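K.L.:
Just the structure for this:
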Amino acid sequence: MQAIIMAAGRGSRLGNLTDEIPKAFLRVRGHRLIDYSIALLHWQGVRDIKIVTGYKSEKYEELASGTPGVTCIYNPFYDECNVLGSFYIAQGYLADEDTIYMHADTLCDAGLFAEMTKMQGDIVLPVDFRPCDEEAMKVETKDGQVIKLDKGIPCDVGEGEFIGIARLSANVMPAIKKASKKLMQQGKLSSYFEAAIQEVINGGGYSTPALPTKGRFWGEVDFEEDYEFVKKNLPDDLWNLAENDRHE
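P.N.:
Sure thing, here's the model as predicted:
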């Protein structure tokens, strides 16, 4: 199993907190956000980790130099495209094998992460089933399968929010890559990675189970209040994983 972590963005909505560092280098209880992501992956036996970088890429290069199995892939157009563009640049470095997809600014409960890693399905999507705001990557489901995910889904229609961490099966990886290329050829530079997932869903033939978070912790650090939320609510078991990983 391999992993890809999307880490190219500047995090400008965090103000001066990201003037000198990328936002995944913000610290929570002594560890950087990216340290927690890597610790989760190592805990699940994932050692082949690709990080797509952009803003302050040298910080990630330094991290990779001291972390076996971590490779950085630089997106020189990170300021001109969205997450899908970063994935497209990196997809040639990804084998067609089971893949964990993550955002560098997003963390989740260790138990939820382990359940996602082991759950059967081609595209396993953890979903926080709750009322959502306009900014949320909202989902619609049918019979436990995600049939639509898009920020543009009306708030009164969306059933919950996709948390931005997913498992992609080896079976679906070629289709994901093909969808990513198609959207780039169409000039969809502002698209999120979820647009490629939606393209695959529309084509049919793959399972897309929703994994309910059931109130378990997760947090995406976009704004200062998000950062405060994560600092206040980070579970002890996640902190312990990062501690243990640091001492391995």
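K.L.:
tell me the SS of Gly158?
P.N.:
Classification of Gly158 using DSSP: H, G, I helix; E, B strand; the rest coil returns coil.
K.L.:
number of nearby residues for it?
P.N.:
Residues near Gly158, counting by other Cβ atoms under 10 Å, number 26. Placement of C-beta: from N, CA and C, glycine included.
K.L.:
surely it meets Glu140?
P.N.:
Yes - if you go by Cβ atoms under 8 Å, Gly158 and Glu140 touch, sitting 6.8 Å apart.
K.L.:
Compute the first-to-last residue distance for stretch 143-163.
P.N.:
End-to-end distance of stretch 143-163: 20 Å, with Cα to Cα, to the nearest Å as the criterion.
K.L.:
For it, what is the distance to the chain centroid?
P.N.:
Distance of stretch 143-163 from its chain centroid, counting by Cα atoms, centre = their mean, to the nearest Å, is 17 Å.
K.L.:
what does it contact?
P.N.:
106, 108, 123, 125-141, 192, 194-195, 197-198, 201, 207-210, 212-213, 218, 220 (Cβ atoms under 8 Å, 6 or more residues apart in numbering).
K.L.:
could you say what helices and strands whatever helix or strand Thr53 lives in packs with?
P.N.:
Following DSSP states H and E, one finds Thr53 within strand 48-53. With contacts taken as 3 or more Cβ pairs under 8 Å, 6 or more residues apart in numbering; DSSP states H and E, strand 48-53 sits against strand 2-7, helix 33-43, helix 57-65, strand 70-74, helix 83-90.
K.L.:
gap between Val52 and Glu225?
P.N.:
According to Cβ to Cβ, to the nearest Å, Val52 stands 26 Å off from Glu225.
K.L.:
Check Val127 too.
P.N.:
22 Å.
K.L.:
When these two are compared, which one has more neighbours?
P.N.:
More crowded of Val127 and Glu225, by other Cβ under 10 Å: Val127, with 22 against 9.
K.L.:
for that one, phi and psi?
P.N.:
phi -130, psi 130 (degrees, to the nearest 10).
K.L.:
Next: Lys151.
P.N.:
Given degrees, to the nearest 10, the pair of backbone angles that Lys151 has is phi -60, psi -20.
K.L.:
Please tell me how far it sits from Ala8.
P.N.:
Counting by Cβ to Cβ, the gap from Lys151 to Ala8 is 19 Å.
K.L.:
Which of these two has more residues huddled nearby?
P.N.:
Higher neighbour count among Lys151 and Ala8: Ala8, with 29 against 16, using other Cβ under 10 Å.
K.L.:
so what's that one up against?
P.N.:
Counted by Cβ under 8 Å, 6+ apart, Ala8 has contacts 52-55, 75, 78, 83, 86.
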